[in-house]
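Colleague: sequence below, structure please.
(chains A, B and C)
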Amino acid sequence: MRLDGPVDEVAPTLLGAVLRAGEVSVRLTEVEAYAGESDPGSHAFRGRTPRTEVMFGPPGRAYVYFTYGMHWCMNVVTGPDGHASAVLLRAGEVVDGLDAARHRRGHVAHRDLARGPARLTKALGVDGSYGGVDLLDPSAPLTLSPGERPRSSSIRTGPRVGVAGAGAPTPWRFWIDGDPTVSVYRPAVPRKRTARP
DNA sequence: GCCAGGATGTTCT
DNA sequence: GAACATCCTGGCA
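Modeller: Predicted coordinates:
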């Protein structure tokens, strides 16, 4: 699979692809594109930092980061080289290793096992130690391989709400229409201040 | 069912 | 010191 094109072209081709970590495999049903340095919503917007280093590297690597003090989220780094673009994996369907996934996620409905970016990494057992892994290397602990691509007519797309980027490339979400594992979209709300006594 | 609020730590200002 | 590419629980309908 080719990951070195423009991120908004590469992202929809990831739908239907299969991500495998150990015995658990997930079929991707929802992704979100981040355009890199020019995208105010991207971690790479403020330039190269130790955390975002991987995004500036070659395509096909995993960019894994920790957020909200308890969740891991995972991106696939895309090209072209020199652009820190990446695709956030937002949701998928567990298609193999159900027992292991359920063990990690507890007793939830099958459709909820990997519905959401942090749930997806938890179902797979992915954490920061997987950062920088070459997903296209078959012997890697975390791999991405082509799956059955959904019909193009069943792919839906929408602009991300909450990011005003006048003139900047717009980030997009892509999902498989009607798939029960697609995460429910909630616009980002400003967080209230955490009051301390 | 829906909504409000809290958890929790890394990163950057 | 505040924001953060989130998730879960508990209260109320």
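Colleague: how close does the residue most central in space within chain A sit to residue A:119?
Modeller: By CA atoms, centre = their mean, chain A has its centre lying nearest to residue A:89, at 1.7 Å. To residue A:119, residue A:89 is 11 Å away according to CB to CB, to the nearest Å. Quick note: C-beta positions are derived from backbone N, CA and C, even for glycine.
Colleague: re earlier: ok, what's across the strand from the residue nearest to the centre of chain A?
Modeller: Judged by DSSP bridges, the bridge partners of residue A:89 are residue A:31.
Colleague: check the one 4 residues further on too.
Modeller: Legend: beta-bridge partners of residue A:93 under DSSP bridges are residue A:27.
Colleague: thought it was touching residue A:26?
Modeller: Yes. Using CB atoms under 8 Å, residue A:93 makes contact with residue A:26 at a distance of 6.7 Å.
Colleague: which residues do the two both contact?
Modeller: residue A:114 (CB atoms under 8 Å, 6 or more residues apart in numbering).
Colleague: residues in contact with the closest residue to DNA strand C within chain A?
Modeller: Of all residues in chain A, the one sitting closest to DNA strand C is residue A:116 (2.4 Å; CB to the nearest atom of the strand). Contact analysis of residue A:116 by CB under 8 Å, 6+ apart lists A:90, A:91, A:183.
Colleague: could I get those residues as TSV with distance to residue A:53 and neighbour count?
Modeller: Shown next, in TSV, are these (distance: CB to CB, whole Å; neighbours: other CB atoms under 10 Å):
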residue	distance to residue A:53	neighbour count
A:90	23	25
A:91	26	25
A:183	28	19
